[in-house]
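K.L.:
please work out how this folds:
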Amino acid sequence: MAWKRPTIDTPFHIDWEWWSSHDRNYRLYLYEQLCEECRERFDPALDSQEVDWIDPETAEVTRADALEMCLRTRCANDPGYIHESLPIAAAVFRVFLINGNRPLSPREIHEYLPWRDPNTILRVIGGRRTHYGIRAAQ
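P.N.:
Just a heads-up that it's a prediction; the model follows:
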């Protein structure tokens, strides 16, 4: 498929298949994104630990990765978790981690990162180089 230039309204997400096709250990990157409290709870060398997770909107119980749940619950509620001094790609990666990887456009990501305009966000995540597996959603 030919590359198509994205716009500030193009939805993006973390493409987990990109991680496996590039022989990257996404769990190590997830661990690096944890807040201090969560880093103390997890050993980065351990394999995935699963926990029961209750969706707060639907009350559906599913098995989920404990590391990802810590990111989505504890880290997401830390007011300093996403901040201006983070590189843009890392900040966007954290946005997708805390929102469950729901596709968002640079315009929508700007709502999480108000100190970066949508065009700047697009220049970082919408180029030919892939950062953190962030790619246009199909």
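K.L.:
in the protein, which spans are strands?
P.N.:
Using DSSP state E, the strands of the chain run over residues 12-14, 50-54, 61-65, 134-136.
K.L.:
show me what the last one is packed up against.
P.N.:
Pointing back at strand 134-136 there. Strand 134-136 is packed against strand 12-14, helix 88-98, with contacts defined by 3 or more CB pairs under 8 Å, 6 or more residues apart in numbering; DSSP states H and E. Using the backbone N, CA and C atoms, a C-beta is placed for each residue, glycine as well.
K.L.:
10 Å instead, please
P.N.:
Counting by 3 or more CB pairs under 10 Å, 6 or more residues apart in numbering; DSSP states H and E, the packing neighbours recorded for strand 134-136 are strand 12-14, helix 16-21, helix 88-98, helix 118-125.
K.L.:
right, so of those, which gets closest to residue 64?
P.N.:
Across the helices and strands packed on strand 134-136, residue 64 has its closest neighbour in helix 88-98 (12.9 Å, CB to CB).
K.L.:
that closest one vs helix 118-125, what angle?
P.N.:
Interaxial angle of helix 88-98 relative to helix 118-125 (axes from the mean of the first three to the mean of the last three CA atoms, to 10 degrees): 90 degrees.
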